[in-house]
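Enquirer: below are the sequence and a predicted model; questions follow.
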Amino acid sequence: MSITPDESPRGAGARWSLEQRLPLLIIVLLAAVLIGLGGAAHQEVREANIDRAVEQLQRIGRELSASSSRGGAPRLVALQALAADPLLVRAVTAAPSGAAIDSATTARVTQRLAAAHTRTDSTLLGWELWTTSGAPRLRAAPVASGARDSAVLAHTRSRVAQTDSVQRSPFYVADGRVYVWTVVPVRANGRTVGTLAEHRRLVGSARTEQTIRALTGPEVRLLITSDGEPAWVTLEGTPAEAPFVPPAANDRAERVRGRDGTTYYAVQSAIAGTPWRVVLFTTEAAVLRRSREFLRAMLIAGVAFLVLGTFGAWLLSRHVTRPLRRITRAAAALAEGDYTQRVPLADDAELESLAATFNTMAAALGQAHGELAERNAALQRANEAKSRFLAVMSHELRTPLNAIGGYTELMELGLRGPVTPEQIEDLGRIRRSKDYLLTIIQDILAFSRGDAGYLTVAVRDVPVAAVLADAVDTLRPQYAAKGIVLDVGAVPEEQVVRADREKMQQILLNLLANALRFTRPGGTVSVRSVRLSQHVRIDVNDTGIGIAPERLTDIFEPFVQVDASLTRETGGAGLGLAIARDLAAAMGGSLTVASTVGEGSTFTLMLPLATGAEPAGDATPVSDAEAV
């Protein structure tokens with residue numbers, strides 16, 4: 001069976017052609033380069049975006065905290081100036097501890113505080129004046145008096161008493177609004193005698209919000225929180241839910257996990273002199289948006305590049321493999337016997353050299369094939385002449401040999417006159433030499449017929465027991481004369497094979513004769529037959545000289561002896577086994593040998609089991625594989 005260039009064997013898997021593999025290789029390389037470069041570029045862009053976002057958060061956080069500190073400084077200075085006013089100092093120290101100040105002093109102090117309040121300051125709610133012992137001296141303007149206000153104020157005043165410095169309270173929520181206290185110490189004669197507390201409500205400024213939005217961008221949020229308080233405040237001055245636990249460090253952006261599972265980059269910046277913290281944060285998705293957009297653009301560009309690269313690789317592969325396909329088709333035709341095939345030369349130097357080499361090879365093969373055909377025809381004619389010569393010579397030689405045999409018998413019978421016992425023995429030797437020579441001639445004739453293709457067999461059902469009995473009976477006297485034991489095992493009648501009876505008997509006679517020839521007196525030759533699943537195996541085992549391992553295959557070749565030195569002793573032309581093997585193969589069987597030098601040989605004849613043969617009784621046929 002031949003395979004054309006456009007076909008490929010389909011077995012465990014189809015093999016890809018160079019035209020298919022070359023584009024695939026180029027595409028894989030392009031994809032690997034694009035993935036590698038794209039991944040590295042995306043990683044660089046991602047890290048750059050994170051670094052830029054972190055740096056921006058830290059910078060804006062520092063600026064906002066510094067700006068907030070500077071923005072509250074004028075008001076704190078004004079409040080400290082009020083606390084140092086002699087009128088407020090006298091209001092704190094004039095009356096005994098725990099006693100209220102008189103109405104005139106209250107009016108003057110209230111007027112003094114009101115003069116310090118500007119009309120545009122809408123966040124101020126009022127003031128409270130206290131002694132260090134905790135006695136209230138004055139409440140100016142409507143100050144909230146809730147429990148939360150009082151508790152925060154008391155805590156802040158206690159801190160002023162402890163530190164003897166200005167204190168701001170954390171932002172706290174009361175009635176849905178955000179408030180803060182600022183408390184400054186009131187001093188007299190170098191010591192703190194009381195406190196002035198300013199109460200404010202946190203209110204957002206649209207201008208401040210616009211300025212911060214311009215600095216941070218719409219994706220960055222800002223919240224304000226305080227040390228020791230859970231409240232978070234927006235720029236609008238409204239309470240807000242804490243999205244995450246604020247970073248532990250100040251002025252350093254960190255990656256934090258939100259309460260809802262969202263990942264943020266956040267920075268906390270402290271406002272100097274206060275417990276307040278400005279918290280700037282943005283989501284990780286917003287930080288990485290540009291890197292994702294870059295990756296998307298890279299993917300689109302990479303896909304487009306791969307499509308173009310695939311088309312280009314396909315064109316390139318076709319250009320490269322077209323001359324190779326021509327050479328492949330020409331080689332296939334050359335293998336089919338068309339020696340006129342030639343390949344046109346290509347433009348490329350390498351392919352041109354390949355095409356020229358192929359053309360030279362095709363021409364040489366064509367010439368060699370022609371010469372070989374002529375020689376083969378001559379050999380065929382010579383072989384036919386040899387076969388005819390052997391057939392003629394065998395026929396011509398048998399005629400005088402038969403005559404020799406006939407005259408020998410006449411002389412032994414005394415028809416030509418009396419003969420002495422010594423002459424009778426000589427005549428017997430002449431007859432045996434004639435029979436031996438006739439056997440050799442018959443072997444040569446049989447071999448020449450098989451070699452010429454004239455070997456025919458008539459296959460039919462043949463019982464093994466009958467054929468084996470005939471062969472054994474023929475040679476048993478010779479075994480007895482030489483003193484060799486011939487042991488033949490029982491052969492069941494159901495052992496029937498598909499064979500030519502005469503050819504099968506010829507094989508068995510050859511095997512038994514060889515065993516007799518190469519077994520010394522006192523030895524044993526045994527014959528056994530075994531029914532297999534699809535064959536019958538007949539073993540002829542002897543205790544003769546054996547065969548060397550390197551000669552086991554040679555003995556089936558014509559005119560080959562086990563040992564040339566034994567030819568004179570045992571005789572034979574070396575054709576018996578060659579003929580026996582050919583006969584076994586012609587009947588669908590085989591002939592093999594196993595041997596050990598000095599111990600003997602076993603020749604095994606395998607013949608097909610007849611279809612209708614059935615085992616008798618409980619006999620179980622042995623599989624061919626088990627029997628080998």
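Expert: Here it is on my side, so go on.
Enquirer: ranges for the strands of the stretch 351-500 of the chain?
Expert: 460-463, 485-488, 496-499 (DSSP state E, counting those that start in this stretch).
Enquirer: out of the ones you listed, which is closest to residue 509?
Expert: Each of the strands of the stretch 351-500 of the chain has some distance to residue 509 by C-beta to C-beta; the shortest is strand 485-488, at 12.9 Å. Heads up, the C-betas are built off the backbone N, CA and C, glycines and all.
Enquirer: and residue 587, how far is that from residue 577?
Expert: 16 Å (C-beta to C-beta, to the nearest Å).
Enquirer: does residue 165 count as helix, strand or coil?
Expert: coil (DSSP: H, G, I helix; E, B strand; the rest coil).
Enquirer: apart from its chain neighbours, what residue comes closest to it?
Expert: In space, and not counting its chain neighbours, residue 165 is closest to residue 185: 7.1 Å by C-beta to C-beta, 6 or more residues apart in numbering.
Enquirer: residues near that neighbour, how many?
Expert: Here the count is done by other C-beta atoms under 10 Å, and residue 185 has 22 residues near it.
Enquirer: and for residue 456?
Expert: With other C-beta under 10 Å as criterion, residue 456 counts 10.
Enquirer: please parse the protein into its domains.
Expert: As given by automatic domain parsing, the domain ranges for the chain are 56-287, 306-454, 457-627.
Enquirer: next secondary structure element downstream of the lowest-mean-pLDDT helix or strand in the chain?
Expert: Least confident element among the helices and strands of the chain, by mean pLDDT, DSSP states H and E: helix 567-570 (a mean of 45). Next helix or strand after helix 567-570 toward the C-terminus (DSSP states H and E): helix 576-586.
Enquirer: can you pull the buried residues of that next one?
Expert: 576, 577, 578, 579, 580, 581, 582, 583, 584, 586 (16 or more other C-beta atoms under 10 Å).
Enquirer: hmm, residue 514 and the second one touching each other?
Expert: In other words, residue 577. Yes: between residue 577 and residue 514 there is a contact under C-beta atoms under 8 Å: 7.2 Å.
Enquirer: the protein: helices as residue ranges?
Expert: 18-83, 86-93, 103-115, 147-163, 206-216, 284-287, 289-335, 349-412, 421-451, 464-482, 501-518, 567-570, 576-586, 624-627 (DSSP state H).
Enquirer: and the ones you listed: which comes nearest residue 169?
Expert: Of all the helices of the chain, helix 147-163 comes closest under C-beta to C-beta, at 4.3 Å.
Enquirer: so what does that closest one touch, helix or strand wise?
Expert: Helices and strands touching helix 147-163, by 3 or more C-beta pairs under 8 Å, 6 or more residues apart in numbering; DSSP states H and E, are strand 167-168, strand 172-174, strand 177-188, strand 191-201.
Enquirer: could you list the low-confidence segments of the stretch 201-350 of the chain?
Expert: 204-209, 216, 320, 346-350 (pLDDT under 70).
Enquirer: and the helices of the chain as JSON lines, adding distance to residue 139?
Expert: JSON lines is the format used below for these (distance: least, C-beta to C-beta, whole Å):
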{"stretch": "helix 18-83", "distance to residue 139": "15"}
{"stretch": "helix 86-93", "distance to residue 139": "12"}
{"stretch": "helix 103-115", "distance to residue 139": "9"}
{"stretch": "helix 147-163", "distance to residue 139": "11"}
{"stretch": "helix 206-216", "distance to residue 139": "30"}
{"stretch": "helix 284-287", "distance to residue 139": "48"}
{"stretch": "helix 289-335", "distance to residue 139": "53"}
{"stretch": "helix 349-412", "distance to residue 139": "105"}
{"stretch": "helix 421-451", "distance to residue 139": "139"}
{"stretch": "helix 464-482", "distance to residue 139": "136"}
{"stretch": "helix 501-518", "distance to residue 139": "138"}
{"stretch": "helix 567-570", "distance to residue 139": "146"}
{"stretch": "helix 576-586", "distance to residue 139": "130"}
{"stretch": "helix 624-627", "distance to residue 139": "115"}
